[in-house]
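S.K.: here are the coordinates; sequence isn't available:
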């Protein structure tokens, strides 16, 4: 091989090796853009932060988490199954780092309390063997609603992001509190009047002696 061909070969080899990385980066960036960026709120402390968080949750509920944002592995399902359940890799396992930029910072402490959290790897781990199809099990891992006895990434994020919100009392709740305060005030006034009547009765009784 001539020196010129050698240079061309090495250049082409370098480009081909770098291409998957650049493709993966572009795919990941596009995937990030499909989800709403969470506000930079470590801990929700007031109503204004709650409003920001609630707005993000409402928007996130309308989106689906792209597969490219998580790590997926597959294996054979154990136990009794259908025709191909124990012969093909239908069991789906999803892993996602808890510090992924699309996961709200204030939700992470709540995620750590869930059974899907793996402390040794600081990540979320979800598996599904519900279906006999690999694709359906992947969707079950990512789903917006968890199956009975299981969990799903989208549902977990929504639940964790909603848990830390500081909810202001509604007008109905405020009216109920004001009503209870009036009742308590009236009760204390009645008790005070009763004690005063008892004292007056005792003083009159003393005058009769």
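M.R.: All right, it came through fine. Just so you know, these numbers come straight off a predicted model, no measurement behind them. Numbering: from 1, shown residues only.
S.K.: per-residue confidence for residue 75?
M.R.: Per-residue confidence (pLDDT) for residue 75: 90.
S.K.: give me the nearest residue to it, chain neighbours excluded.
M.R.: Nearest non-adjacent residue to residue 75, counting by CB to CB, 6 or more residues apart in numbering: residue 91, 4.8 Å away. The C-beta positions use only the backbone N, C-alpha and C, and glycine is treated the same way.
S.K.: phi, psi of that neighbour?
M.R.: Per-residue torsions, residue 91: phi -70, psi 130 (degrees, to the nearest 10).
S.K.: where's the residue most central in space within the chain, which helix or strand?
M.R.: Centroid-nearest residue in the chain: residue 157, 2.2 Å away (criterion: CA atoms, centre = their mean). Element membership for residue 157 (DSSP states H and E) is helix 153-163.
S.K.: my guess is residue 134 contacts residue 76. True?
M.R.: No. With contact defined as CB atoms under 8 Å, residue 134 and residue 76 do not form a contacting pair (10.7 Å).
S.K.: low-confidence ranges in this protein?
M.R.: For the chain, residues meeting the criterion pLDDT under 70 lie at 1-31, 78-87, 146-150, 167-170, 173-174, 204-209.
S.K.: hey, where'd the strands end up in it?
M.R.: 71-75, 91-97, 117-118, 123-128 (DSSP state E).
S.K.: the longest one: which residues count as buried?
M.R.: Within strand 91-97, the residues that qualify as buried are 91, 92, 93, 94, 95, 96, counting by 16 or more other CB atoms under 10 Å.
S.K.: quick one: contacts for residue 152?
M.R.: 126, 140, 141, 142, 143, 144, 145, 146 (CB atoms under 8 Å, 6 or more residues apart in numbering).
S.K.: for residue 66, see how far away it is.
M.R.: As for residue 152, its distance to residue 66 is 15 Å (criterion: CB to CB, to the nearest Å).
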